[in-house]
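Engineer: Build me a model:
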Amino acid sequence: MYLALITLLSGFLITYLLVPNIIHLAVKKNLFSTLKPVIRGGELRKISNLGGIAIFVALRITHSIFIELDNFPTNYYIAALFIIFLIGLNDDLTGMRPLNRLIAQITVSLIMIIPGDLYIRSMNGMFGIYELHPIAAVLMSAFFMVGLINAFNLIDGLDGLAGSLALTIMLVFAYLFHLLDRTDISLLCLAFSGALIAFLRFNVHPAKIFMGDSGAYIIGLSLGVLSLQLVNEVSQQPLQIKGITFHSAFGIVTALLLIPVFDTIRVFVLRLYNKKHPFIGDNNHLHHRLLKMGFSQSQVVITLVASTVLLTAISLCLQEFNPAVQVGILFSIAMLLNLISHYISKKYTKAILS
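Structural biologist: Here you go, the predicted structure:
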């Protein structure tokens, strides 16, 4: 218990002390890659997007001092984390071509999967499949991790949104790994959580700093690693939550990650359908739609975090079903909510224009 509090506090304090210095340095050295537009209004806000530096440093220091990971590809995780952090930092400061970013994301994913030996080992009967062919397992795991890295980068378009979602997911992961007696991984989640709590102190609306690609990339990679680890752990050791036995973690992981993942899939499909480049930004994300419906930035963040909690609670009620059915139901709920919000958004826009 004490170690958990110390780990959480360490991540918090290091980030809390670093962020003001990063803000000051960015102003002094003019370290701004772009001016960030305010969602409502025409003015531009000159805000640093180097918050990922504080999160990365806090995680690494806390991990080095307080956490010793067992049966975990620690060295490969550190290497992959360091590489993706530098790639994100380079993108924040100077910009990178989408293809180069994608190659880097695939590289770090393969570092975790091949030498790190972390990949989906069993489908738990999803679509009648249990054991995967090694090549299929590697491809699926790499696609998942690369997709998640991009998902958290794309959803980081609103003050406090990516950080709040990541914090919610990290805290749930900390609890789940604690139940599996993986205290070491639970501590890693708590170190990340402490860093995110401190970062959000400066990132909630009106934001004083953004996490940038460096922050979004390390969050996406870490959540991908933790998701694969949880799926494999539960496949080998059933999870008990309030008397409910879980033989598969696919439903819980899907629920936790559904908001950023579904939004990424939806946006990419729409961009391709409209013959636009899938990596060129637009204002068609879920948070943009909610803003158009009249939500404030804080209300959007609360709504999407609450939706994640609700979806996770629903996933707990679906454990008697096959994992494929669980995932299908959760995506169907997301589709239904998407259609409802699209309909309301169109009516709201028409009412404003008329």
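Engineer: who does the longest strand belonging to the chain touch, helix- and strand-wise?
Structural biologist: Longest strand in the chain by number of residues (criterion: DSSP state E): strand 122-126. Packing partners of strand 122-126 (3 or more CB pairs under 8 Å, 6 or more residues apart in numbering; DSSP states H and E): strand 129-131, helix 212-236, helix 323-353. Every C-beta, even on glycine, is put in place using the N, C-alpha and C of the backbone.
Engineer: For residue 199, which of these is the nearest?
Structural biologist: helix 212-236 (7.6 Å; CB to CB).
Engineer: and the closest one, average pLDDT?
Structural biologist: For helix 212-236, the mean pLDDT works out to 96.
Engineer: what angle separates that helix from strand 122-126?
Structural biologist: Using axes from the mean of the first three to the mean of the last three CA atoms, to 10 degrees, the direction of helix 212-236 lies 70 degrees away from that of strand 122-126.
Engineer: Following the chain onward from helix 212-236, which element is next?
Structural biologist: Downstream of helix 212-236, the first helix or strand assigned by DSSP states H and E is strand 239-241.
Engineer: how about residue 276, what does it touch?
Structural biologist: residue 282 (CB atoms under 8 Å, 6 or more residues apart in numbering).
Engineer: Strand partners (parallel or antiparallel) of the longest strand of the chain?
Structural biologist: Using DSSP bridges, the strands paired with strand 122-126 are strand 129-131 (antiparallel).
Engineer: After the strand it pairs with, which helix or strand is next?
Structural biologist: According to DSSP H and E, the helix or strand after strand 129-131 is helix 134-154.
Engineer: Can you mark which positions in that next one are buried?
Structural biologist: Counting neighbours by 16 or more other CB atoms under 10 Å, one finds that the buried residues in helix 134-154 are 137-138, 141-142, 144-154.
Engineer: just the angle between the next helix or strand after that helix and helix 212-236, please?
Structural biologist: Going down the chain from helix 134-154, the next helix or strand is helix 161-179, by DSSP H and E. With the same axes, to 10 degrees defining the directions, helix 161-179 sits at 30 degrees from helix 212-236.
Engineer: what's the helix or strand following helix 161-179 packed up against?
Structural biologist: Counting by DSSP H and E, the element after helix 161-179 in chain order, helix or strand, is helix 183-203. Under the contact criterion of 3+ CB pairs under 8 Å, 6+ apart, helix 183-203 touches helix 2-29, helix 51-66, helix 161-179, helix 212-236.
Engineer: could these go into JSON lines alongside mean neighbour count?
Structural biologist: Formatted as JSON lines, the helices and strands packed on helix 183-203 follow (neighbours: other CB atoms under 10 Å):
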{"stretch": "helix 2-29", "mean neighbour count": "17"}
{"stretch": "helix 51-66", "mean neighbour count": "22"}
{"stretch": "helix 161-179", "mean neighbour count": "22"}
{"stretch": "helix 212-236", "mean neighbour count": "24"}
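Engineer: Now tabulate those helices in JSON lines and tack on distance to residue 133.
Structural biologist: Formatted as JSON lines, the helices and strands packed on helix 183-203 follow (distance: least, CB to CB, whole Å):
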{"stretch": "helix 2-29", "distance to residue 133": "39"}
{"stretch": "helix 51-66", "distance to residue 133": "34"}
{"stretch": "helix 161-179", "distance to residue 133": "28"}
{"stretch": "helix 212-236", "distance to residue 133": "17"}
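Engineer: Show the average pLDDT along the longest strand of the chain.
Structural biologist: 83.
Engineer: For that strand, which outside residues touch it?
Structural biologist: Here strand 122-126 makes contact (CB under 8 Å, 6+ apart) with 129-132, 232, 235, 247-248, 250, 322-324, 327.
Engineer: among the helices and strands packed on helix 183-203, which is nearest residue 308?
Structural biologist: That would be, of the helices and strands packed on helix 183-203 and by CB to CB, helix 161-179, which comes in at 5.6 Å.
Engineer: Give me the angle between that closest one and helix 51-66.
Structural biologist: Going by the same axes, to 10 degrees, helix 161-179 makes 20 degrees with helix 51-66.
Engineer: helices and strands around helix 161-179, which ones?
Structural biologist: The elements that helix 161-179 packs onto, with contact taken as 3+ CB pairs under 8 Å, 6+ apart, are helix 134-154, helix 183-203, helix 212-236, strand 239-241, helix 250-273, helix 297-316.
Engineer: excluding its backbone neighbours, what's nearest residue 230?
Structural biologist: Spatial nearest neighbour of residue 230, excluding adjacent residues (CB to CB, 6 or more residues apart in numbering): residue 249 at 4.9 Å.
Engineer: Correction: the previous question concerned residue 299.
Structural biologist: Spatially, and ignoring its direct neighbours in sequence, residue 299 is nearest to residue 290 (7.6 Å; CB to CB, 6+ apart).
Engineer: I'd assumed residue 300 was in contact with the one you found.
Structural biologist: Yes: if you go by CB atoms under 8 Å, residue 290 and residue 300 touch, sitting 4.5 Å apart.
Engineer: re earlier: among the helices and strands packed on helix 183-203, which is nearest residue 295?
Structural biologist: Closest approach to residue 295 among the helices and strands packed on helix 183-203 is made by helix 161-179 (11.8 Å; CB to CB).
Engineer: How far away from the center of its chain is that closest one?
Structural biologist: 10 Å (CA atoms, centre = their mean, to the nearest Å).
Engineer: got the angle between that helix and helix 183-203?
Structural biologist: If you take the same axes, to 10 degrees, helix 161-179 sits at 160 degrees to helix 183-203.
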